[in-house]
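Visitor: curious how this folds, go ahead:
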Amino acid sequence: MTMPTPTLYEQFRDFFVSLKLTVALLLFSLILVFVATLDQVNLGIWAVQEKYFRSFFVMWRLPGTEVAIPVFPGGYFVGGLLLINLTAAHLYRFQLSWKKSGIQLAHAGLILLLVGELLTGLLQKESFMRLDEGETKKYSESFRGHELAFLDTTAPDYDEVVALPEALLADHATVQHPKLPFQVRIKEYFPNSNLVMRDSLPPAAQAQFPTATAGVGPRLALQPLRMTYKPDERNVPGAIVEVVGPEGPLGTWLVSPQLNVAQGFDYQGRKWQLTLRSQRTYKPFSVTLLKFSHDKYPGTEIPRNFSSRVRVKSDDGRDDREVLIFMNNPLRYGGLTFYQAGFDNNDRTTILQVVRNPGWLLPYIACVMMGLGLCLQFGFSLRDFIRRRSVQPAGA
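Guide: Predicted coordinates for the structure are as follows:
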């Protein structure tokens, strides 16, 4: 007797509910984690996350070229397919019954855990806020991203800011923003660089580095460096920026985050400043550091505790309160979480990590669901076992 040939729908369904697919995806996950852990020595944690886990495919660049080809499924591909596999198997195999509610609840918790990780990878944003005692800020700064900011400082009580993302610098773009009365041309851009005094270089080397004509640029030179991926090091970008008005070029500036002050110029009766700085995210509230405490064990330099007492004040005046932030006790406010991340050695400067993660509750809910589901299923199995034992004959 010949078996009927499965339809296209049945083949499609059997593929996604297959236990073999589950095992294969779990095996891919193990390989992905193993290789990423080894490669973390070369790339660092941030680059590894982007290359292996927050991508659909792991790309490999052909030696000596800029051509990248996919060589292995990435975290989004494996996790997304595993999410579809678990959901399809859950809906297809498990019938809705009280006796199987524990298994159904555990599987639903696992599905919710995968959804939470996906939302975290897509929506989570991390930055930091560095505060001295008595200082107030309304923004946090990116760990790795930078921006080229133009500030109109003509008004005495506020600054008008136009910020260009670092991606435009990398593209060597020419930008004409509606709020800028001039064009911005990116002449040179280095993703990692170092500032050196131009006079300290031999004449032959000076000609190799781009030259700026305004601000502090004529005295300095940008020295390109290789990109670093170590977790304790940062890439410091640098650029040569030309400002062009309708009447012609206004000057060429060297910009770098290593320059602690913005460079200024006047144009059309207004005062302008430009600076390359860490990318900022402004908040509808302000944070003031009232007191930073750094406690040590008596007779040692080993830190016992460090905490920050801050004042949070909303722009609308509805909220004005003091909060103590310390290890394992963050501040949750305005959809953000402020963690005590570090401090400076002067014991007057705190570093707060600012995290925006709309799905931060999902992993906790998922773990509770899985734990409760396993307990329910174990309870049902134990009850059935006790019942079977109680009805057996005494001599059995």
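Visitor: what does stretch 216-230 rub up against?
Guide: Applying CB atoms under 8 Å, 6 or more residues apart in numbering, the contact partners of stretch 216-230 are 42-44, 46-47, 188, 190-199, 201, 206, 209-212, 234-235, 238-240, 252-254, 256, 259, 263. (Glycine included, C-beta is placed from N, CA and C.)
Visitor: can I get it as PDB, trimmed to CA atoms?
Guide: Provided in PDB are the C-alpha atoms of stretch 216-230 (Å, rounded to 0.1, in the frame of the first residue of the first chain):
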ATOM      1  CA  VAL A 216      43.700  75.200  16.300                       C
ATOM      2  CA  GLY A 217      44.100  73.100  13.100                       C
ATOM      3  CA  PRO A 218      47.200  74.700  11.700                       C
ATOM      4  CA  ARG A 219      49.200  73.700  14.900                       C
ATOM      5  CA  LEU A 220      47.900  70.100  15.000                       C
ATOM      6  CA  ALA A 221      47.900  67.000  12.800                       C
ATOM      7  CA  LEU A 222      45.600  64.000  12.700                       C
ATOM      8  CA  GLN A 223      47.500  60.800  12.800                       C
ATOM      9  CA  PRO A 224      45.400  57.800  11.600                       C
ATOM     10  CA  LEU A 225      45.400  54.700  13.800                       C
ATOM     11  CA  ARG A 226      44.100  51.200  13.400                       C
ATOM     12  CA  MET A 227      40.700  50.400  14.700                       C
ATOM     13  CA  THR A 228      40.700  48.900  18.200                       C
ATOM     14  CA  TYR A 229      38.100  46.400  19.500                       C
ATOM     15  CA  LYS A 230      39.400  45.900  23.000                       C
END
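Visitor: now it, how far from the centre of its chain.
Guide: Centroid separation for stretch 216-230 versus its chain: 25 Å, with CA atoms, centre = their mean, to the nearest Å.
Visitor: what's the mean pLDDT across it?
Guide: Confidence for stretch 216-230, expressed as mean pLDDT, is 84.
Visitor: picking up where we left off before, buried subset of the contacts of stretch 216-230?
Guide: Neighbour-count burial (16 or more other CB atoms under 10 Å) is assigned, among these, to 43-44, 47, 188, 190-193, 195, 198, 209-212, 235, 238-240, 252-254, 256, 259, 263.
Visitor: Leu113: neighbour count?
Guide: A total of 18 residues lie near Leu113 under the criterion other CB atoms under 10 Å.
Visitor: helices or strands up against the strand or helix carrying it?
Guide: Using DSSP states H and E, Leu113 sits in helix 101-123. Helix 101-123 is packed against helix 75-93, helix 362-390, with contacts defined by 3 or more CB pairs under 8 Å, 6 or more residues apart in numbering; DSSP states H and E.
Visitor: would you mark the buried spots in the last one?
Guide: So the one you mean is helix 362-390. 362, 366, 369-370, 373, 376-377, 380.
Visitor: by contact count, what packs against that helix?
Guide: If contacts are counted by 3+ CB pairs under 8 Å, 6+ apart, helix 362-390 sits against helix 101-123.
Visitor: okay, the helix it packs on in CSV with CA atoms only?
Guide: Extracted as CSV, the C-alpha positions of helix 101-123 are listed here (Å, rounded to 0.1, in the frame of the first residue of the first chain):
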residue,chain,number,x,y,z
SER,A,101,-1.2,23.4,31.2
GLY,A,102,2.2,23.1,32.8
ILE,A,103,4.0,22.2,29.6
GLN,A,104,2.0,24.8,27.7
LEU,A,105,3.0,27.5,30.3
ALA,A,106,6.6,26.5,30.2
HIS,A,107,6.7,26.7,26.4
ALA,A,108,4.9,30.0,26.4
GLY,A,109,7.5,31.3,28.8
LEU,A,110,10.4,30.2,26.5
ILE,A,111,8.7,31.8,23.5
LEU,A,112,8.3,35.1,25.5
LEU,A,113,12.0,34.9,26.5
LEU,A,114,13.0,34.8,22.9
VAL,A,115,10.7,37.7,22.0
GLY,A,116,12.2,39.7,24.9
GLU,A,117,15.7,39.1,23.7
LEU,A,118,14.7,40.2,20.2
LEU,A,119,13.1,43.4,21.5
THR,A,120,16.2,44.0,23.6
GLY,A,121,18.5,43.7,20.7
LEU,A,122,16.4,46.0,18.5
LEU,A,123,15.3,48.6,21.0
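Visitor: which residues sit against it?
Guide: 53-54, 75-76, 79-80, 82-83, 86-87, 89-90, 94, 96, 356-360, 362-363, 365-380.
Visitor: any idea of the angle it forms with helix 362-390?
Guide: Helix 101-123 runs at 170 degrees relative to helix 362-390, counting by axes from the mean of the first three to the mean of the last three CA atoms, to 10 degrees.
Visitor: need the mean per-residue confidence for helix 101-123.
Guide: Rounded mean pLDDT across helix 101-123 is 86.
Visitor: quick one: name whatever helix or strand follows it.
Guide: Heading C-terminal from helix 101-123 (DSSP H and E), you reach strand 125-132.
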